[in-house]
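> Okay, here's the prediction I keep looking at, along with the sequence it came from:
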Amino acid sequence: DAKTTQPNSMESNEEEPVHLPCNHSTISGTDYIHWYRQLPSQGPEYVIHGLTSNVNNRMASLAIAEDRKSSTLILHRATLRDAAVYYCILRIQGAQKLVFGQGTRLTINP
Amino acid sequence: GAVVSQHPSWVICKSGTSVKIECRSLDFQATTMFWYRQFPKQSLMLMATSNEGSKATYEQGVEKDKFLINHASLTLSTLTVTSAHPEDSSFYICSAGAGTARGSGNTIYFGEGSWLTVV
């Protein structure tokens, strides 16, 4: 499985935007970029995914570099409930198995 | 939306006993489910792929005789930790995909997780 690299931790303030980076330089043409987050003592939760174009949904936006070797998850206005570990995962088209890296632990300050 | 539920949420058992954790897809059928374990402050580690009607596929280093997986129906997979020891204490999480397998259209849903403490 192609690997992703994320910062171990990030910190931001409530109601400010947060940009969570992810590097995936070995991504292949059939890999989708998925983001999940895990709140304390819970299972992971789907956030967003994309292939080449930037994507928006009610939770976040995903900006994908033109060469697809990196992406950024954007939380437009962080709340305390967004404090979680965010995982950037490459998922082969049609596959259900997800391999997790270390993720980024996001802390939101009031 | 699709929901995956685990039971129990937490369990305490004595060393040497076996404990079963259930994973159910509540409003969709899942021919394949996945089991993960997670130690505190660490990431999820994939243990095995649970296949409905056939044997599970275990990841390298995971003892299949210790972690028995049964996927007898399209909505239920069970993980049994046999002869549990304190080092088996962990957070166990299952996942399943809902929707068609084509493209990445099917979202993967995770259960709430099950805390196992072996004393």
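Perfect, I can see it now. Numbering: from 1, shown residues only, chains lettered A, B, ... in the order given.
> Ramachandran coordinates for the closest residue to chain B within chain A?
Nearest to chain B, among the residues of chain A, is A:G43, at 3.4 Å (C-beta to the nearest C-beta). C-beta: built from backbone N, CA, C; applies to glycine. Main-chain dihedrals, A:G43, degrees, to the nearest 10: phi -80, psi 160.
> Repeat that for B:A96.
Main-chain torsions, B:A96, degrees, to the nearest 10: phi -150, psi 150.
> same thing with B:E87?
Main-chain dihedrals, B:E87, degrees, to the nearest 10: phi -70, psi -10.
> Can you report how many residues lie near residue 95?
Unless you meant another one, I'm taking chain A. Burial of A:A95 is recorded as 19 neighbouring residues (other C-beta atoms under 10 Å in any protein chain shown).
> that's the other chain; I wanted chain B
For B:S95, the tally of surrounding residues (other C-beta under 10 Å) stands at 26.
> so where do the strands sit in chain B?
B:4-7, B:10-13, B:19-25, B:32-38, B:45-51, B:57-58, B:67-73, B:76-81, B:90-98, B:107-110, B:114-118 (DSSP state E).
> Could you export those strands as CSV, including distance to A:R58 and mean pLDDT?
As requested, the strands of chain B are exported to CSV (distance: least, C-beta to C-beta, whole Å; pLDDT from 0 to 100):
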stretch, distance to A:R58, mean pLDDT
strand B:4-7, 21, 96
strand B:10-13, 31, 97
strand B:19-25, 24, 97
strand B:32-38, 26, 96
strand B:45-51, 29, 95
strand B:57-58, 35, 96
strand B:67-73, 33, 93
strand B:76-81, 30, 97
strand B:90-98, 18, 93
strand B:107-110, 14, 89
strand B:114-118, 29, 98
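> ok, and the closest non-adjacent residue to the residue of chain A closest to chain B?
In space, and not counting its chain neighbours, A:G43 is closest to B:F110: 3.4 Å by C-beta to C-beta, 6 or more residues apart in numbering or on different chains.
> Is that neighbour bridged to anything, and to what?
For B:F110, the beta-bridge partners are B:S95 (DSSP bridges).
> Confirm for me that it is in contact with A:R37.
No. The criterion here is C-beta atoms under 8 Å, and B:F110 misses it with A:R37 at 10.8 Å.
> Identify the contacts common to those two.
Taking C-beta atoms under 8 Å, 6 or more residues apart in numbering or on different chains as the contact rule, B:F110 and A:R37 both touch A:P44, A:E45.
> Where does pLDDT dip in chain A?
Counting by pLDDT under 70, chain A has low-confidence residues at A:1-2.
> The same query, at a cut-off of 90, please.
The model of chain A has pLDDT under 90 over residues A:1-3, A:29-30, A:91-99.
> Get me the contact residues on it for chain B.
Residues of chain A lying close to chain B by C-beta under 8 Å from any C-beta of the partner chain are A:32, A:34, A:36, A:38, A:41-46, A:49, A:51, A:85, A:87, A:91, A:93-94, A:96-103.
> what is the nearest residue to B:T57 once chain neighbours are set aside paired to in the beta sheet?
What sits nearest to B:T57 in space, not counting adjacent residues and going by C-beta to C-beta, 6+ apart, is B:T49, at 4.3 Å. Here B:T49 sits in beta bridges with B:F34, B:T57, going by DSSP bridges.
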